[in-house]
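Q: Return atomic coordinates for the entry below.
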Amino acid sequence: MTLKPFLEANRIEAGCDEVGRGCLAGPVVAAAVILPSDYSNEWINDSKKLGKKQRQDLIEEIKEKSLSWKVAEASVEEIDQINILNASFLAMSRAIEGLEVSPEHLLIDGNRFKSHLTLPFTCVIKGDGKFASIAAASILAKVYRDELMEKLALEHPHYGWERNVGYPTKAHREGIREHGPCIWHRKSFQLLPRQLDLDL
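A: This is a model prediction of the structure:
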């Protein structure tokens, strides 16, 4: 199924999505993408529904065909300071601000958004399965964040990030239990079910 190319014709719309809100470690990453209004690709879909190779294959296509794209992040420190929801909004705002083409309207994945930006926006629940620009943003953000966590796994090998990319899997929690958290863990999150014996 080909996703919708736009919400409203004849305006510059940027699709925005974030990745990593539910992780125990690493930054939250967001992307913003402006696609041409006549762009169509049946393979572009919610990044979670695509395999790793499919996402990798689509990355260059999205970067080449989009009018503008940008990936941005909010750090672990920012997540701990302002909470994960606000950090997600911050990362999305940074991605939007980094676009080389100024959007006239934003399509935001999810049910709410707040920002210092004055651009009008529409929140779309499960938007990455409805609009091509949001799906493209989800793909860019996920590939960027997955690759980042795989690199960090080389420096911090106890948590299985090369497989779980920071999500709370059994192996990840066992690594925290045995070795304690590292600098990339979100201290404001409940890293273990019963925060025992952790030097935070």
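Q: Every contact and neighbour count from this point should use C-alpha atoms.
A: Fine.
Q: Touching, residue 142 and residue 21? I think so.
A: No: Residue 142 lies out of contact with residue 21 (Cα atoms under 8 Å); the separation is 11.4 Å.
Q: Comparing these two, which residue is more hemmed in?
A: Between residue 142 and residue 21, counted using other Cα atoms under 10 Å, the more crowded position is residue 142 (26 against 17).
Q: Identify the residue nearest that one in space, chain neighbours excluded?
A: residue 19 (5.8 Å; Cα to Cα, 6 or more residues apart in numbering).
Q: go on, residue 102?
A: Once flanking residues are discounted, residue 102 sits nearest to residue 12: 7.8 Å by Cα to Cα, 6+ apart.
Q: Give me the phi and psi for the residue nearest to residue 142.
A: phi -140, psi 140 (degrees, to the nearest 10).
Q: who touches stretch 109-123?
A: For stretch 109-123, contacts defined as Cα atoms under 8 Å, 6 or more residues apart in numbering pick out 15-18, 89-90, 93, 103-108, 124-128, 134.
Q: can you tell me which residues contact residue 103?
A: Neighbouring residues of residue 103 by Cα under 8 Å, 6+ apart: 12, 13, 14, 34, 119.
Q: Tell me how many other residues crowd the first one.
A: Spelled out, that is residue 12. 18.
Q: That one contacts residue 34, doesn't it?
A: Yes: judged on Cα under 8 Å, residue 12 makes contact with residue 34 at a distance of 7.2 Å.
Q: Where helices are concerned, which of the contacts of stretch 109-123 count?
A: Of those, the ones assigned to helices by DSSP state H are 89, 90, 93, 134.
Q: Redo the residues you listed as TSV? Include pLDDT and distance to residue 79.
A: Output for those, formatted as TSV (pLDDT from 0 to 100; distance: Cα to Cα, whole Å):
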residue	pLDDT	distance to residue 79
89	98	11
90	98	10
93	98	15
134	96	23
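Q: Sort out which one of those lies nearest residue 27 for me.
A: For the ones in helices among the contacts of stretch 109-123, the closest approach to residue 27 (Cα to Cα) belongs to residue 90, at 11.5 Å.
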